[in-house]
Structure formats: C-alpha cells, structure tokens
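Asks: All I have is the shape, not the residue letters:
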C-alpha cells in the first residue's frame, strides 16, 4: 500500500500540470516547443555550408536481385559533428530500385554485417508502403557507365533515366538525351549520415529541454541532404503547418527575415498561430514542385522528427540567381534514407505516382461526406435530442452528431456516463431512424485504473509503450494518469481493433462511428506536450524513431476495428487528428484546434489544399473555429466556405458559447441553412469525386494550377480552389468585404452558380460581394449532377431525382460524370455501381455507361432515380423550345427557368422540364 506522503509529490505534480495545461489552452505558447537552435541535430545540420563536409564516393556498383547496389565511402577527414570521435566512418550500403510508372527508390543504411557495427539497427517504417508495391518493381538486369566512368545510369521510364555520380556522390533523375536534371539529391554536397557507434568515455549524449532530459542511449544518428527541383517555380506539400500561402515560402537565404525550417513533428498545439512553419498535428514528408513545363515530387519515408528548409535563390552563392531551380534541405533525427523520386512530368502524374506508393483514400460511406454537428460536449441525452430536433424544426439537414470525452464514465473510453447517457443504444437508434449517425471519441491515453478492463488487459498482456527503464510509460492526459497502447505492434493493433465490436463496446450500435483525437500522442506533462523520445516500443524501437507514425498506427487499428465490427461489409468512418503518409487509407483528418478569427478562416484553404496534394483528400477545418466565439458574419462566411470542404463539420470548445445554426437570428439561420443546402445539393458531384479520388489519388479540392498547369497566374493562388474539374470557389476572408477580385483561368467562360451570369476566362474580375453566398463558378464545358430536394439526411435523399446543370462552352458542348453505389458497402469493388457519362454536343445530350468492371463478373446495383430538370447555361434565349427524348420519341418542354426552384427565383437559363429519364439507362435528348 502506498503511503499518503509518497502520494503527495505526485499529486502536486498533477495539479501543477493541469494548471499549466489549462493556462496554455488559452493561447499559443511558443516557449513550450523547441526551435531549430534548441534541436541539436537541426542546429548542426543547418550550420554546414555547401560542399563543406567530407564527401561521399560511390564504390562497387553492381546488380543484385534486380536492384542496383553500391557502397558509399566517406572521405577520412575531420568532421564537424560529434560522430567523428576519432573513428574512421564505416561504408554505407546504397540500393537503387525502379518501379512502374516512373518511380525511383533510393535506400541508404548502415552495413549491419560490418563487425564493428553496433547491435542496434536503424528503424525502417513498416506498413506504410502498399503491400503490392514491390510487385510493381522493374527487375534491373544491367546499368551503364559513362565513357569516363564517372557516372552510372539505369532505365527509369520511357522518357527518364536515373544517374549516379560516383565522386562526389550525387543522384539525378533526368530526361533521356538531356543533361538537364528534373530532381537531384546531394548536388550541393550536404549529405551527412551520423552513424550509430559506441559511446566514448566522457561523452554526454543527453539532451535537455524545459526540465525534461532525453537520455539518447544510442547517441546522435541524424541524416541530412539537399534535394533540388529543376525547372520548378514553386514547391508545395510537407504538411502540417498553418499558412496563408499554398506555395512553400523560403525559410533560409537572401531576403528571409525569420529563418526557421518547416518542422514535421506531430504535436498537440493549442490555438496554433495561422501562419508559421511550425509543425502541428500531422506529418507527410512529401514535396511537389511545379513549373510551366513539368512537375516532380520527392518523398522521404521516415517517421522521426524532420526539419526542412526551402532555400531562397542565392542561398549558396549571392551572385547566383538559382533561376529555374528550387533547392531544399532535409534533416531528420533518426531512421534511414528511404526516398522516392517521382518524375511526373504532369502534376497529376506526380500525385498518382505518390498514391501508387502510399495508397489512395478509402471510399467513405455517403453520410460521411455530408454535414456533421459537433461540440465539446453535448451534455446528455436530452441535449442530444434537443439539438437533433432543432435541425428538423429549422429545416436544416445534417447526418452526424458527435460526442466528445464528457460522454464517458470518468474519461474511460468505450464506456458511457450512466447518469448523463443511461440509454446510449436507444439514443443512437432514434438518430438512425432519421438516417443519422453518431460519432464518439476514443483517444489513445488509457486511464490507469485497475478497475478499468481495458487498462487491466493492456497491463497484463504487456501492450503499453514502455519508458526508458522498461516500465509501462505513465503520462498525463485528459484521463489523468495514463498509459498508451504500443500500436507499432501488430498484435496490439489486433487487440485494440477487437474493442470496437458490439460485444466489447457496450452501448454501441452499428450506426456509431469513431473519432481519434490526441493521438500525436499528446502527453500533458511530457516534453513538448508529447511522449519522451527515449520511450520504447516493440523490439526496442525508440519513440524518436517512429513518433510521427504513432497516430497513423492508432488510426489504422481503430479503422480495422470498425471494419471487423461490420464483418468487412460496411465502410468504416474514423476521423483522426494525427496523421502520416498513408493515413488516407484509414479515414478522414481535420486541421485541429483552430481559432474563431478571419486569419484562420483564410489559412484553412491552403492547409486543406496541401493535405489533398499529399494524399489526404478527406479533410476539413472546424467550421467557426474551435477556440473563441465567432461573430455572426464570420460564422456565416465559414459555413459558406466550409460547405465546399471535403470534410464538413462544425465544432467548438466547451468554453465557447453555443453556436448551433439557429442561435444567431432568423436572417443568419437562413444564410447558414442555404450554405448547408448548397453542400447537400452537390452531394452527387462530391460522391463522384470521392470515387475518382479513391481510384486515382487526385484530390477533391484542388489548387487552380492542378487544372491549369501552364497558367502562371494560378501557381501562387491560395484563396481560390477547384472542386474537381468543374467548380471554382473564391472565399471571402475579410469582415465587411464589399468586393473581391477573382481570377478565372482558362480560355473558356465561367458561369456564376448564384445567378448563371457568364464571365470570361483568362482574366481577373472585380465582383460585388453578397451576404447570401461566396463567389462560385461552374466551368464552361462541364456537366454537374445535383439534387435539389432537401431532406433531413442523405439517407432520405437516396431516391430523389437528379438535376443536371450543363455549362456550355464556346462550341456549345459539355461533358460530365455521375457515380452511384449503395453508399455504404464494399459491393462496388465487385461491380455493384452505376457510372454514367453525360455528353452534350450538336444539340444532343447523351447518357452512356462507364463500365469499370466490364472485364470481370459483376454484382448488380440498380436505381429507380430519374432526371427531373436539365439546366442549360450558355444557350441563347429562344434557342430551343422543346426536347425530344429517345428511346420513346416523346417530347418535353424547354423554357426559361431559375437555377434553383424557390420562391422569388429569377429565370436565368433554359431548362428542360421533367424529361423523366432514368439515371441508370442509356438515352439521348435532342434540343430543338
């Protein structure tokens, strides 16, 4: 039994920790987190100048098992890092591999077979690269030497080759027949690899920060190198950081005032600032470059802390302009070199090449892409019922109601507060009767309570992360004294997934889904509010080596649990705050604890665009801001913008005022209702885009340059975005804004989605700003499917008819697609879907099938839905007065009409009324 005196110090620490926690929640506290100068590996690496390090030479290249292998020898010289210690560096092992689609993989690691190598092996990140990726490897049978023997080259694709320069070592990817590289590594001689070694007498490997000591038992082991993107005008990617700029701004070099690299280190950051290179909740070390002629990409599979500099022109030579090239500098605390070069050459090619390595987004259920209502916390079952009824009373659709941590019994996950939520199953069933679902929160910190069955099982089975001494790690989070499942371990992930069965998760139903928060992991009394780097995982892997992937494995295990709960029939929905490369395969993410201000509204767009470019298409930001109380105008503008986010959820801190959509007066309620209705009307288009993203990896929300890659005006546009190929949206980011300049790219016109007015492409337009919407446009030449009958939820819209909005180009032509399946199961993978192509040309609209599964037996999916309206934008008034429908040879009326059927709507386009053709059939409609 522990005595009271023994408990007092721990109690005092607890109280102090909680006080510090809640004070930090009120504002961003820069001092809680390390900068580069306080991070030894970053400070060491950044102090080096080009070609100042002992260089590496490539030796003994050969072909082995279809790879090009070689040794890297470092010249013997005094080194500026603490790994020299008088020992000659051991050779490193290099392996170069080539994959279908123009992908080059470079791995560099220590030679663990060397008798002088320590027993500790460097960590390689498992379960991120797709399991079948190796099946797509091209078997190298030979390589070529240059005439002077200074380089080796291997085939990469029909248009590209990989070049290895021997002395000094350098990797280049370049077009065949050209000396101009596309991407290169170590062109500036900054490659450094701190090898694992034995500690010398008198050495101090410990690192200290704000009272925390990292024992660093294996010493310095960082890696750094430069990567150059040739022909690039901008670089993008490497989330997650908040910024008003989509393009990555330089962090070092001439003209850079605040020199701090982009940090990739998953952290629980309260009320993050809106524009900073500081890393927040997730990390994806993937960067894309883009220029007028081509795009390329680079991905480093490494889950340790990473710092990345984007170097301003002239950083290496004040007289050099660096025109047509962007240099970057990558630094990591641990791991190996496991890098992927993507040659493009088009921007969408780069995205698809990256997706072929880490996967595409998991196709969600249809409800998940509709509107979600969340708050920390809805108090009890009565509160839940009241909020649910409020949406019905005010004619506002929604699909999901969320419960934060206060719904649990003493902050023990998989439990319910029996006083506040005595009948959780009945509560969920009432929501589901209207087609609505519920989401509850399940975080990784497990309350250390011997009466709590999850904690007891994890303790007995040895499933927790260990501290540096080998004991179960004990840190503080919402549940107080907590331990964390070691989700690196597949056995632990399997155990965790079983907790979501209906049997194990008491009070749950099949309509309950999950939210993973705090999974960076967040540890309130830990260094930088996180887990100590010397904590231990499966196989003695240090937390420093996998930190950025911890939340990824937790997310994976949770999604697997929901998959098993539904007998692998229903698609899971799991929202995660922390993420890593590959997280897109397991669910959605959001941008974390933002604030209710205009700056955070504006930064949400480049943040979500960046996530989409790096694989995480299913993402969004908290509508209205998590911290603070938005003014009504800001809240309305946020709903109007957020209605276009791929993930559309309102959320708020428990200290904020209630902000359900009907609490700001009837006028504001009407505006918010209209914004949400806009999203619901576009669900057929969004669902089709989600299917396309799940097949190709191309994001749903896109920067303008992804659709207009040769238009320089789009390259640094961070305020507007495309939804798929057909819709452009411009946010309103200032209070009381009366006008806005909108650049509409391309040679064709754009049609206002508010009033059908046409605007010329290839120029900026100064437009008046209206209270009822933000500027949005449909691209000429596109057909967008919509549904205009508003119900309580997506489930109740299933059998409603469609409207096709046709925006004609200068040739009076347009085309589009519609994808439909059952919205919940995996039957679509076996052909149970409807996929239609619509083409309008020469006065005829045709519908035909896009049969992706024609080569294999397929299951059947049917729909009785019809098309009730066809809107023709860009056809002159009086250009038609009837339409003939085949088969059947029957006529229907063509007449002027509004875009949306509502009281007071003005006729702005020609409308084919009630063609009543079935959405699943082949048909032709001729306009006369």
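Replies: That came through fine. This is a predicted model, so every value here is computed, not measured.
Asks: SS state for residue 72?
Replies: At residue 72 the chain is in strand, as set by DSSP: H, G, I helix; E, B strand; the rest coil.
Asks: residue contacts, it?
Replies: Listed by CB atoms under 8 Å, 6 or more residues apart in numbering, the contact set of residue 72 reads 56, 57, 58, 59, 91, 92, 93, 94, 108, 169. The way it works is simple: take the backbone N, C-alpha and C, and place the C-beta from them, glycine included.
Asks: before we move on, what about residue 833?
Replies: 691, 819, 820, 821, 827, 852, 861.
Asks: Quick check: of the residues you listed, which has the highest neighbour count?
Replies: residue 820 (24 neighbours; other CB atoms under 10 Å).
Asks: Quick check: beta-bridge partners of that one?
Replies: Note on residue 820: beta-bridge partners by DSSP bridges are residue 834.
Asks: do the same with residue 727
Replies: residue 723, residue 778.
Asks: Show the pLDDT at it.
Replies: Residue 727 is assigned 98 on the pLDDT scale.
Asks: Now for it: which residues touch it?
Replies: For residue 727, the contacting residues are 682, 685, 753, 776, 777, 778, 779, 784, by CB under 8 Å, 6+ apart.
Asks: still on that earlier bit, closest to residue 499 out of the contacts of residue 72?
Replies: residue 108 (39.5 Å; CB to CB).
Asks: Show the backbone phi and psi for the closest one.
Replies: Main-chain dihedrals, residue 108, degrees, to the nearest 10: phi -130, psi 130.
Asks: Can you tell me the closest non-neighbouring residue to it?
Replies: Leaving aside its chain neighbours, residue 108 sits nearest to residue 337 (3.7 Å; criterion: CB to CB, 6 or more residues apart in numbering).
Asks: In the stretch 751-900 of the chain, where is pLDDT below threshold?
Replies: Scanning the stretch 751-900 of the chain for pLDDT under 70 picks out 852-858.
Asks: can you give me the strands for it?
Replies: Assigned by DSSP state E, counting those that start in this stretch, the strands in the stretch 751-900 of the chain fall at 758-759, 763-768, 776-779, 782-786, 802-807, 814-820, 834-841, 844-849, 866-873, 882-886, 890-897.
Asks: Adding distance to residue 517, write those strands out as TSV.
Replies: Shown next, in TSV, are the strands of the stretch 751-900 of the chain (distance: least, CB to CB, whole Å):
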stretch	distance to residue 517
strand 758-759	42
strand 763-768	39
strand 776-779	32
strand 782-786	34
strand 802-807	37
strand 814-820	32
strand 834-841	36
strand 844-849	43
strand 866-873	42
strand 882-886	52
strand 890-897	47
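Asks: closest to residue 189 out of the ones you listed?
Replies: So among these, strand 763-768 is nearest, using CB to CB, at 43.8 Å.
Asks: Please work out which residues outside the closest one touch it.
Replies: By CB under 8 Å, 6+ apart, strand 763-768 touches 738, 739, 740, 741, 742, 743, 744, 759, 775.
Asks: Not counting its neighbours along the chain, what's nearest the residue sitting nearest the centre point of the chain?
Replies: With distances taken as CA atoms, centre = their mean, residue 616 lies nearest the centre of the chain, 2.5 Å away. Excluding the flanking residues, the one nearest residue 616 by CB to CB, 6+ apart is residue 584, at 5.3 Å.
Asks: Could you say whether that neighbour sits in a helix, a strand or coil?
Replies: helix.
Asks: what's near enough to touch it?
Replies: Applying CB under 8 Å, 6+ apart to residue 584 gives the contacts 358, 359, 360, 361, 362, 615, 616, 617, 618.
Asks: Test my guess that the last one contacts residue 364.
Replies: Yes - with contact defined as CB atoms under 8 Å, residue 618 and residue 364 form a contacting pair (6.4 Å).
Asks: does residue 470 really touch residue 534, like I thought?
Replies: No - contact between residue 470 and residue 534 fails when scored by CB under 8 Å: they sit 11.3 Å apart.
Asks: Compare neighbour counts for these two and give me the winner.
Replies: Higher neighbour count among residue 470 and residue 534: residue 534, with 19 against 8, using other CB under 10 Å.
Asks: Please tell me how far that one sits from residue 467.
Replies: For residue 534, the distance to residue 467 equals 8 Å [CB to CB, to the nearest Å].
Asks: Mind checking which of the contacts of strand 763-768 are buried?
Replies: By neighbour count, with 16 or more other CB atoms under 10 Å, those hold 740, 742, 743, 744, 759, 775 as buried.
Asks: what residues are up against the nearest residue to the fourth one once chain neighbours are set aside?
Replies: To tie it back to what came earlier, the one meant is residue 744. Excluding its sequence neighbours, the residue lying closest to residue 744 (CB to CB, 6+ apart) is residue 750, at 4.7 Å. Residues near residue 750 by CB under 8 Å, 6+ apart: 728, 744, 758, 759, 761, 777, 778, 779, 780.
Asks: low pLDDT regions in the stretch 551-700 of the chain?
Replies: Ranges of the stretch 551-700 of the chain meeting pLDDT under 70: none found.
Asks: just so I have it, where are all the strands in it?
Replies: 574-576, 588-590, 619-620, 648-650.
Asks: what residues does the shortest one touch?
Replies: Which is strand 619-620. With CB under 8 Å, 6+ apart as the criterion, strand 619-620 contacts 588-591, 608, 611-612, 642, 645-649.
Asks: chain center to that strand: distance?
Replies: Centroid separation between strand 619-620 and its chain, computed with CA atoms, centre = their mean, to the nearest Å, is 7 Å.
Asks: what do you get for stretch 400-415?
Replies: On CA atoms, centre = their mean, the centre of stretch 400-415 falls 25 Å from the chain's centre.
Asks: That one - what's its average pLDDT?
Replies: So the average pLDDT for stretch 400-415 ends up being 98.
Asks: Can you point out the buried residues in it?
Replies: 400-409, 411-415.
Asks: Just to be sure, which of those residues are found in strands?
Replies: Using DSSP state E, the members of those that fall within strands are 400, 401, 402, 403.
Asks: Go through those residues and name the one nearest residue 308.
Replies: Taking CB to CB as the measure, residue 308 lies nearest residue 402 of those, at 34.1 Å.
Asks: That closest one is in contact with residue 436, isn't it?
Replies: No - if you go by CB under 8 Å, residue 402 and residue 436 don't touch, sitting 11.3 Å apart.
Asks: nearest to residue 455, of the strands of the stretch 751-900 of the chain?
Replies: Nearest to residue 455 among the strands of the stretch 751-900 of the chain is strand 814-820 (44.6 Å), distances taken as CB to CB.
Asks: Which elements pack onto that closest one?
Replies: Applying 3 or more CB pairs under 8 Å, 6 or more residues apart in numbering; DSSP states H and E, one finds that strand 814-820 makes contact with helix 683-696, strand 782-786, strand 802-807, strand 834-841.
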